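J.: Starting from these lines, generate the structure:
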Amino acid sequence: MNPGDRLPALEIPVTRTLIVAGAIASRDYQDVHHDPELARQKGSPDIFMNILTTNGLVGRYITDHFGPRAVLRRVAVRLGAPNHPGDTMVLTGTVEEVDGDTVTVRVVGENGIGRHVTGTVTVSVPGGGPV
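T.: Residues are numbered from 1 along each chain as shown. This is a model prediction of the structure:
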């Protein structure tokens, strides 16, 4: 891997099940992540994905690419446009830095209304790069 290298894009269908399951798994019981009517009452057109689910999907994107030996060392993300059911989030990544077996990747996730997530992930891959 070299700075500037791009990771293949990953398309993630944003389903109602994914949003609700991610909220439950991360113990985030905010109504905007599972109750469409209450989400609308609070100004959202529908339920939306929580940050912990997004964080997990970003981590999955990196570990899927770098393989089973990959260890996430740092994940720093910032949310933008919400992920609503029926949309697709497309994650892309660009290598920013390589230091031995440690790689820093800039990650962007976009959906139909804009940029859902931006951030950087630092991953170490003992014994080599992607599998």
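J.: all contacts plus neighbour counts: C-alpha atoms, from now on.
T.: Will do.
J.: Please tell me how far the residue nearest to residue 87 when sequence neighbours are not counted sits from residue 48.
T.: Excluding the flanking residues, the one nearest residue 87 by Cα to Cα, 6 or more residues apart in numbering is residue 14, at 5.3 Å. Note on residue 14: its distance to residue 48, by Cα to Cα, to the nearest Å, is 9 Å.
J.: What strand or helix carries the spatially most central residue of the chain?
T.: Centroid-nearest residue in the chain, with Cα atoms, centre = their mean: residue 58, separated by 2.9 Å. For residue 58, the host element (DSSP states H and E) is helix 51-66.
J.: Report the secondary structure element holding residue 116.
T.: Using DSSP H and E, the element containing residue 116 is strand 114-124.
J.: contacting residues for the residue nearest to the centre of the chain?
T.: 91, 107 (Cα atoms under 8 Å, 6 or more residues apart in numbering).
J.: Could you report the distance from it to residue 37?
T.: Distance, residue 58 to residue 37, by Cα to Cα: 28 Å.
J.: coming back round to it: name the residues that touch the helix or strand following the helix holding residue 58?
T.: Going down the chain from helix 51-66, the next helix or strand is strand 71-79, by DSSP H and E. Residues from elsewhere that reach strand 71-79, judged by Cα under 8 Å, 6+ apart: 51, 55, 59, 63, 116-125.
J.: For residue 70, state which of those residues is nearest.
T.: Nearest to residue 70, judged by Cα to Cα, of the contacts of strand 71-79 is residue 125 at 4.6 Å.
J.: Counting neighbours, what do you get for that closest one?
T.: 20 (other Cα atoms under 10 Å).
J.: what's the answer for residue 116, then?
T.: Neighbours of residue 116 (other Cα under 10 Å): 21.
J.: ok, now which ones touch it?
T.: 79, 80, 81, 82, 83, 89, 108, 109, 110.
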